[in-house]
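S.K.: Let's see this in three dimensions:
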Amino acid sequence: MGKYFGTDGFRGRANETLTAIHAFRVGRFLGRHFSRGKEGRARILIGKDTRRSSYMLEYSLAAGATASGADVYLMHVTTTPSVSFITRTEGFDCGVMISASHNPYRDNGIKLFNAEGEKLEDRTEKLVEAFLEGGSLPLATGEEIGRTIDYVAGRNRYLAYLLALPRTSFRGVRVGLDAANGSAFMLAKTVFDALGATTVTIGASPDGCNINAGCGSTHPEALSALVKAQALDLGFSFDGDADRCILVDERGTVRDGDAMLFLLAKSMKAGGELDENAIVATQMSNLGLEKSLAREGVRVFRTDVGDRFVYEEMLRRGCMLGGENSGHIIFRKYARTGDGILTALRIMETALHLQCSASMLAEGYFSLPQVVRSVPAHDRKRILAHEKMKAAMREAEALLRGGRVLVRASGTEEVIRILAEGEDPSACEAAVSIVERAVSAAGES
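M.R.: Sure, this is the predicted structure:
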């Protein structure tokens with residue numbers, strides 16, 4: 001991770017660690033870096049979520065890019081996967097999504113995509129960081145100054161693409177949708193209604209400050225209560241920028257990304273869609289996912305946390321399916337990043353094809369007891385290298401007797417995440433507590 005960019009772009013507290021000036025300078029760099037020279041102006045696509053600060057950052061980015069001579073196309077409120085999709089299918093040089101994903105509204109972020117709709121390469125992000133630290137670029141003048149163009153048509157094209165994917169009607173299915181008061185608040189319902197489903201929605205009244213607040217994929221209990229109260233067939237909960245999805249079955253049981261990877265891998269293997277009979281997951285995925293899929297003849301390759309790393313490993317391994325337990329699911333045939341609405345569509349199709357309930361889809365999946373905790377930490381690199389941490393890790397792993405402990409710095413928040421996994425839930429709790437105390441002690445010393 002760099003000074004500004006983590007595993008999912010430049011993220012921070014709006015107008016504190018991520019300011020309008022930062023956004024303007026990022027735009028300045030992108031507008032010049034992606035210039036086509038004599039072949040024409042750079043074409044940059046920008047989307048945003050519903051945070052109040054997203055509007056400020058959108059216009060700052062657009063001002064910077066046009067001041068460097070680029071033409072900027074605004075998709076307005078839309079999803080992260082839609083920006084990735086339209087960037088690669090409509091010939092844009094670069095895509096930008098303004099969002100802090102599942103974080104609270106006070107945070108925001110800038111996610112960058114290359115012309116292929118993939119997360120921008122590290123080497124280019126380093127160039128952006130160098131410019132943010134004090135670089136200079138010439139300003140465009142006269143007819144070289146770029147334009148800002150309304151491009152809601154891009155969002156409509158993405159919507160049409162999603163609608164064309166399912167091969168069956170959803171008529172007769174009662175679906176709950178939690179849009180997290182974020183990017184999916186219009187798109188998700190529009191898609192499911194158009195495909196014939198009867199939809200009941202929550203988290204679809206954004207006010208700029210309620211994104212992810214007690215709703216969405218980080219609070220699936222809200223959707224669970226809705227599904228049970230209204231006797232719905234199933235439900236899908238998205239995060240702020242709709243690149244994540246969490247499934248809730250008809251019983252109100254929450255099925256995380258690992259459970260969804262299991263049911264999707266099983267279905268894709270049966271349909272001949274799972275090349276290499278393997279998927280990619282991250283180090284945070286439950287060991288039970290590996291054991292459950294092994295019984296189905298499917299291997300699991302692991303990589304670092306972050307959907308960009310999942311996608312890169314999928315390319316390397318030739319896998320068509322990958323994801324994270326947080327709900328980022330990537331279908332390489334269709335997308336370059338996690339797509340919550342696409343994930344929901346594929347799960348709906350699977351249930352309809354098999355003519356079974358959502359709870360039956362996950363039959364055969366089991367998970368080992370797992371405890372995950374996030375500890376606030378500013379100087380994360382120093383803390384993780386501290387001798388007290390090494391001693392605590394050894395003590396915690398000894399408690400688990402064959403289980404595992406994973407400690408890592410979050411790439412999106414100023415926290416250290418601790419995971420303990422094993423056969424005994426109480427031992428997992430104790431192991432996490434040992435490491436948590438060490439994090440606190442190392443931070444104070």
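
S.K.: quick one: buried residues of stretch 87-95?
M.R.: The neighbour-count check on stretch 87-95 (16 or more other CB atoms under 10 Å) flags 87-88, 90, 92-95 as buried. Backbone N, C-alpha and C define where each C-beta goes, glycine included.

S.K.: Give me the subset of the residues you listed that lies in helices.
M.R.: 87-88 (DSSP state H).

S.K.: Of the buried residues of stretch 87-95, which pair is most distant in space?
M.R.: Spanning the widest gap among the buried residues of stretch 87-95 are Glu90 and Cys94, at 12.0 Å by CB to CB.

S.K.: Closest to the centroid, which residue in this structure?
M.R.: Asp243 (4.4 Å; CA atoms, centre = their mean).

S.K.: from what I can see that one touches Gly338, true?
M.R.: Yes. Asp243 is in contact with Gly338 according to CB atoms under 8 Å; the separation is 4.1 Å.

S.K.: Contacts for the lengthiest helix in the chain next, please.
M.R.: Longest helix of the chain, by residue count under DSSP H: helix 425-444. Under the criterion CB atoms under 8 Å, 6 or more residues apart in numbering, residues 369-373, 375, 377-379, 382-383, 386, 388-389, 391-393, 395-397, 399-401, 403, 405, 407, 416, 418-422 lie in contact with helix 425-444.

S.K.: cool, stretch 196-203 as well?
M.R.: Applying CB under 8 Å, 6+ apart, the set of residues contacting stretch 196-203 is 169-182, 185, 188-189, 192-193, 215-216, 222-223, 226, 230, 232, 237, 348.

S.K.: Then stretch 289-297?
M.R.: Applying CB under 8 Å, 6+ apart, the contact partners of stretch 289-297 are 258, 261-262, 265-266, 269, 277, 279, 281, 299-300, 325, 364-367.

S.K.: rerun at 10 Å
M.R.: Stretch 289-297 is contacted by residues 256-259, 261-263, 265-266, 269-270, 274, 277-279, 281, 286, 298-302, 325, 362, 364-368 when judged by CB atoms under 10 Å, 6 or more residues apart in numbering.

S.K.: which parts of the longest helix of the chain are buried?
M.R.: 427-428, 430-436, 438-439, 442-443.

S.K.: now do stretch 176-187
M.R.: Here stretch 176-187 shows 176-185, 187 as buried, counting by 16+ other CB under 10 Å.

S.K.: List just the nearest of those residues to Gly40.
M.R.: Relative to Gly40, and with distances defined as CB to CB, the nearest of the buried residues of stretch 176-187 is Ser183, at 30.2 Å.

S.K.: Give me the pLDDT for that closest one.
M.R.: pLDDT, Ser183: 98.

S.K.: cool, the one 5 residues further on as well?
M.R.: Ala188 is assigned a pLDDT of 98 by the prediction.

S.K.: quick one: secondary structure of it?
M.R.: Per DSSP: H, G, I helix; E, B strand; the rest coil, the local secondary structure of Ala188 is helix.

S.K.: Contacts only, for it.
M.R.: 79, 162, 175, 177-180, 182, 199, 201, 203-204, 236, 238, 242, 245, 340-341, 344.

S.K.: 7 Å instead?
M.R.: 177, 179, 238, 341 (CB atoms under 7 Å, 6 or more residues apart in numbering).

S.K.: The second one: what's it in contact with?
M.R.: What that stands for is Ala179. 185, 188, 201, 203-204, 238.

S.K.: May I see those residues organised as a markdown table, with secondary structure and distance to Arg52 added?
M.R.: Formatted as a markdown table, those follow (DSSP: H, G, I helix; E, B strand; the rest coil; distance: CB to CB, whole Å):
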| residue | secondary structure | distance to Arg52 |
| --- | --- | --- |
| Phe185 | helix | 15 |
| Ala188 | helix | 21 |
| Thr201 | strand | 22 |
| Gly203 | coil | 17 |
| Ala204 | coil | 17 |
| Phe238 | strand | 19 |
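
S.K.: Format these as TSV; extra columns: distance to Leu30.
M.R.: Converted to TSV, the contacts of Ala179 look like this (distance: CB to CB, whole Å):
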residue	distance to Leu30
Phe185	28
Ala188	29
Thr201	35
Gly203	32
Ala204	32
Phe238	27
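
S.K.: circling back: which single one of the buried residues of stretch 176-187 is nearest to Ala63?
M.R.: The closest of these to Ala63 turns out to be Ser183 (CB to CB; 22.6 Å).

S.K.: In this structure that closest one contacts His76, no?
M.R.: No. Using CB atoms under 7 Å as the test, Ser183 is too far from His76 to be in contact (10.3 Å).

S.K.: What average pLDDT does the longest helix of the chain get?
M.R.: The model assigns helix 425-444 a mean pLDDT of 90.

S.K.: try stretch 142-158
M.R.: In this model, stretch 142-158 has a mean pLDDT of 97.

S.K.: Name the residues of it that come out as buried.
M.R.: Buried-residue list, stretch 142-158, by 16+ other CB under 10 Å: 146, 148, 151, 154-155, 158.

S.K.: quick one: which of the residues you listed sit in strands?
M.R.: When DSSP state E is applied, the buried residues of stretch 142-158 are split such that Thr148 fall in strands.

S.K.: With distance to Leu352 added, can I get the buried residues of stretch 142-158 in JSON lines?
M.R.: Below are the buried residues of stretch 142-158 laid out as JSON lines (distance: CB to CB, whole Å):
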{"residue": "Gly146", "distance to Leu352": "46"}
{"residue": "Thr148", "distance to Leu352": "43"}
{"residue": "Tyr151", "distance to Leu352": "34"}
{"residue": "Gly154", "distance to Leu352": "29"}
{"residue": "Arg155", "distance to Leu352": "27"}
{"residue": "Tyr158", "distance to Leu352": "23"}
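
S.K.: Between the buried residues of stretch 142-158, which sits nearest Gly135?
M.R.: Closest approach to Gly135 among the buried residues of stretch 142-158 (CB to CB): Gly146, at 19.2 Å.

S.K.: how deep is the residue lying closest to that closest one once chain neighbours are set aside tucked in, by neighbour count?
M.R.: Nearest residue to Gly146 in three dimensions, chain neighbours excluded: Thr66, at 3.6 Å (CB to CB, 6 or more residues apart in numbering). Thr66: 21 surrounding residues under other CB atoms under 10 Å.

S.K.: Which helix or strand contains Thr66?
M.R.: Using DSSP states H and E, Thr66 sits within helix 52-67.

S.K.: next structured bit after that helix?
M.R.: Following helix 52-67 in sequence, per DSSP H and E, is strand 71-77.

S.K.: avg pLDDT for that next one?
M.R.: In this model, strand 71-77 has a mean pLDDT of 98.

S.K.: Summarise which helices and strands that strand is packed against.
M.R.: In terms of contacts (3 or more CB pairs under 7 Å, 6 or more residues apart in numbering; DSSP states H and E), strand 71-77 is packed against strand 43-48, helix 52-67, helix 80-89, strand 148-150, helix 152-164.

S.K.: Tell me the helices and strands packed up against the fourth one.
M.R.: Same thing as strand 148-150. Here strand 148-150 touches strand 71-77, going by 3+ CB pairs under 7 Å, 6+ apart.
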